[in-house]
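**Q** I'd like to go over a predicted model; first the sequence, then the structure.
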Amino acid sequence: MSKAYAAFRLVAAAVAVIVCVGAASIARAEDQYPSRPITIVVPFAAGGPTDILARLVGQAIGPTLGQQVIVEDVTGAGGTIGATKVARAAPDGYTMVMGNLGTHAASVGIYSNLPYDPRKDFEPVILVASTPMVLVTRKTLPVKTLSDVIAWAKADKGKATMGSAGVGSISHLTLLLFNHLTGADVTHVPYRGLSEATNDLLGGQIDMLFDQVVTATPHILNDSENAIVVTIPHRAPSIPNVPSATEAGLPQLQTVAWTALFMPKGTPATIVDRINGAVVKAMQDPAIAKRLAQIGADIPPPDQRSPQALGQLVRSEIDKWVPLIKAAGVTAK
C-alpha cells in the first residue's frame, strides 16, 4: 500500500467519523427538542389578530412542549420584515413565524425584491385558524348598509379613507377587491398593523376598515364602530347581527383571512411534526376551541391541519391573489 493511499484512507476515515458524530449530535438535538424557549415571531403590531392568535397558541402548546413559548412582534413592510427574519433564522425549531395571506401569498405580487419565497424558504407547520373580514366604519359616518357605504364613497370619489395593516396585508387585499367590484375608489391608508388602524378608526381619523372578525368583535359588541358586512356567504357566529356580503348584494366580496405557523427551510421533519402535534392537541381542547369561537376564529378541519395541506394552501393563494395585485398596479419597495 502506497503512503499516498494510506493517507487518503486515514482522511476518509476521519471524515466518516466526523459525519457520524455530526449526525448523532443532530439526532440527539432532535430527540431532546425543545430544550429551551421557543419564539413565535408575529410580523404585525401587538394587539392585532395575528398577535392574539399567536399568544393563544403559545400559551396552549407551552405545557405540551415543556418549554415557554415567547411571542415577539417584529413589524413593518406589510409583515415581510418579520417573515424575513424567520426565513433567515437557524432551522433548529426555536424560531417560527405566525404568517398569513399577506406575508405568505400577496407579498409575492407586491414586492419586486422580496427577500424570501413563501413556497421555498419555509417549512409549513400548520394552519392555525381562519376568519372572515368585516367592514367597519367610524361611528360618525352616516351609513348603515353596504349600499350606503358604496353610495357615500362614490358621491365624493377619492375622498373616503380606509385603513389597513400595511401594503399587501389581508385588509389591504380586501380593499383592492372592494374597489375593483364597486368602483368606489376608496383611498388606502396603510398602518403597521390592524391595531393601529383600529385606533385611528375609533378616533375618527379614517372612515373605514376591513378588520378581521377576531379583533373587530369586541368593538362591534361595544357599539364603538359600525359593522356593515362580513366577507363570507353566511353570517359570523360571534357577530350574528352583521349581514354577509352575499345578503347585502355583493356576493363576490369574499375574503377569508388565514393564519399559520411556518419554520425556516431545512428544519427537521421530526421537529415540524412535534409542533404540528402540539397545536393539533390544543385544537382538540374544548376550552381552546371555545375561546377561538368567541373571537370569531375558525379551527381548520382535520384534513387541513397537515404541513402538506398548508403548503398547498400557500401555493393556491399565490395563484389567486397575485394576478389581482398586478392588475391593480400595487407595488411596494
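**A** Yes, it's here.
**Q** For Thr137, give me its contacts.
**A** Thr137 makes contacts with 143, 149, 201, 207-209, 225-226, 228, as judged by Cβ atoms under 8 Å, 6 or more residues apart in numbering. Any C-beta I mention is one placed from the backbone N, CA and C, and that applies to glycine too.
**Q** Narrow these to those in strands?
**A** By the criterion of DSSP state E, membership of these in strands covers 208-209, 226, 228.
**Q** Name the member of these that has the highest neighbour count.
**A** Neighbour tally across the ones in strands among the contacts of Thr137 (other Cβ atoms under 10 Å): the maximum, 30 neighbours, falls on Leu209.
**Q** Surely that one and Ala160 touch.
**A** No. The pair Leu209 / Ala160 is not scored as a contact, 11.6 Å apart, by Cβ atoms under 8 Å.
**Q** Give me the below-cutoff pLDDT ranges for this structure.
**A** 1-30, 333 (pLDDT under 70).
**Q** tell me the centre residue of it?
**A** Asn100 (2.0 Å; Cα atoms, centre = their mean).
**Q** mind listing what that residue touches?
**A** Applying Cβ under 8 Å, 6+ apart, we find Asn100 in contact with 50, 79, 170, 257-260.
**Q** try 7 Å this time
**A** By Cβ atoms under 7 Å, 6 or more residues apart in numbering, the contact set of Asn100 is 50, 170, 257-259.
**Q** so where does the nearest residue to Thr84 once chain neighbours are set aside fall, helix or strand?
**A** Of all residues not flanking Thr84 in the chain, Pro115 sits nearest, at 4.6 Å (Cβ to Cβ, 6 or more residues apart in numbering). Secondary structure assignment for Pro115, by DSSP states H and E: no helix or strand.
**Q** and Pro115, how many residues sit next to it?
**A** Number of residues near Pro115 (other Cβ under 10 Å) recorded here: 15.
**Q** how about it, phi and psi?
**A** Torsion angles at Pro115 (phi, psi; degrees, to the nearest 10) stand at phi -70, psi 0.
**Q** Do a quick rundown of the strands in the stretch 201-333 of the chain.
**A** Secondary structure of the stretch 201-333 of the chain (DSSP state E, counting those that start in this stretch): strands at 208-212, 226-230, 256-264.
**Q** Single out the most deeply packed of those.
**A** The highest mean neighbour count among the strands of the stretch 201-333 of the chain, using mean count of other Cβ atoms under 10 Å, belongs to strand 208-212: a mean of 30.
**Q** re the thing from before, just list whatever residues bridge to the residue nearest to the centre of the chain.
**A** Thr259 (DSSP bridges).
**Q** Could you do Leu209 as well?
**A** Beta-bridge pairing for Leu209 (DSSP bridges): Val136, Gly163.
**Q** all helices of the stretch 201-333 of the chain, in order?
**A** 213-221, 269-283, 286-294, 307-328 (DSSP state H, counting those that start in this stretch).
**Q** out of the ones you listed, which comes closest to Thr246?
**A** Checking the helices of the stretch 201-333 of the chain against Thr246 by Cβ to Cβ gives helix 213-221 as the closest, at 15.8 Å.
**Q** Adding distance to His219, write the ones in strands among the contacts of Thr137 out as TSV.
**A** What follows is the ones in strands among the contacts of Thr137, written out as TSV (distance: Cβ to Cβ, whole Å):
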residue	distance to His219
Met208	13
Leu209	10
Asn226	10
Ile228	13
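**Q** any idea how far the closest residue to Ser171 other than its chain neighbours lies from Gly48?
**A** Leaving aside its sequence neighbours, Ser171 sits nearest to Ser164 (Cβ to Cβ, 6+ apart; 4.0 Å). Computed as Cβ to Cβ, to the nearest Å, the Ser164 to Gly48 distance reads 11 Å.
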